[in-house]
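Undergrad: after the sequence you'll find the predicted model.
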Amino acid sequence: MNAPLSAQQQEHAFLARLGERVRTWRTEHGMTRKQLSVASGVSERYLAQLEAGQGNMSVLLLRKVARAMGVGVERLVREDNGEQRPIALLGLRGAGKSTLGAKLAQSLNVPFVELDREVEKEAGAPLGEVFAMYGQDAFRRFERRALERVLAEHPQAVIATGGSLVTDPGTYELLLERCRCIWLKAAPEEHMNRVIAQGDMRPFKGRSAALDEIRKLLADRDRLYGRANAVVDTSGKTVRQSLADLRRVIA
């Protein structure tokens, strides 16, 4: 049996994992150390030490780095004890959340949940009618209750979220805290073509410049979606290729 790690060894191991998290986040988000330095106000030298497992940074400096990454400092330093959490797929309609989510859930032998359908259960009405009858604020309340119920009922699952969930700070924080979040990213043209193929232009129906609207939504939500734990780009890929990418990310 291996001897237990000393306190000093445990500290070194923790700093190494912390550094790896920051380095992995930068890589997944295509951000250089210099860019993270500018965004956080923390010097490149400190960031280099942090990523090398020699962090020993003050809480205030660590908070700046966490804020630039779009996560809470508690989430950044949280120990991963092997606990299995639900997987939440983020992205606009047409990103592949339902198609890939169902296949991923089947391969993992866990339930697949479409959060919009759970919202309809909470409200007792189709999604379109929820907005028409109750309005945006009520929809957000139904969505929050639906997510809380799903998380309570399914310790492990694949959850396809609504495209606008990330714009509700409280609900999004709950999702980030309780789930492994993956942004299914695609080019605006891909979103448009897939939505057309589905035969449903919601929420773009009646708009003469639907593609421009999709571009604007993606631009407005880029930083929000970017808070996810990982990104999988589905542009120009088959379902099989995207599913393989998704499985690699969560492995």
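TA: Cool, got the structure. Note that the structure is a prediction, hence the values are computed from the model and not measured.
Undergrad: in the stretch 151-251 of the chain, where is pLDDT below threshold?
TA: Judged by pLDDT under 70, the stretch 151-251 of the chain has its weakly predicted residues at 198-209.
Undergrad: ranges for the strands of it?
TA: Secondary structure of the stretch 151-251 of the chain, counting by DSSP state E, counting those that start in this stretch: strands at 158-160, 180-185, 230-233.
Undergrad: which of those strands sits most buried?
TA: Stretch with highest mean neighbour count among the strands of the stretch 151-251 of the chain: strand 158-160 (a mean of 28; mean count of other C-beta atoms under 10 Å). Heads up, the C-betas are built off the backbone N, CA and C, glycines and all.
Undergrad: contacts for it next, please.
TA: Strand 158-160 is contacted from outside by 86-89, 97-98, 101-102, 104-105, 108, 110-116, 150, 179, using C-beta atoms under 8 Å, 6 or more residues apart in numbering.
Undergrad: which among these count as buried?
TA: 86-89, 97-98, 101, 104-105, 108, 110, 112-116, 150, 179 (16 or more other C-beta atoms under 10 Å).
Undergrad: nearest residue to residue 102 in space, please, no chain neighbours.
TA: The spatially closest residue to residue 102, leaving aside those adjacent along the chain, is residue 112, at 4.9 Å (C-beta to C-beta, 6 or more residues apart in numbering).
Undergrad: report pLDDT for residue 4.
TA: Taken from the predicted model, the pLDDT recorded for residue 4 is 55.
Undergrad: right, I mislabeled it, should have said residue 60
TA: 58.
Undergrad: next: residue 46.
TA: In the prediction, the pLDDT value recorded for residue 46 is 82.
Undergrad: how far off centre is the helix or strand in which it is found?
TA: Residue 46 belongs to helix 44-51 when assigned by DSSP states H and E. The chain centroid and the centroid of helix 44-51 are separated by 25 Å under C-alpha atoms, centre = their mean, to the nearest Å.
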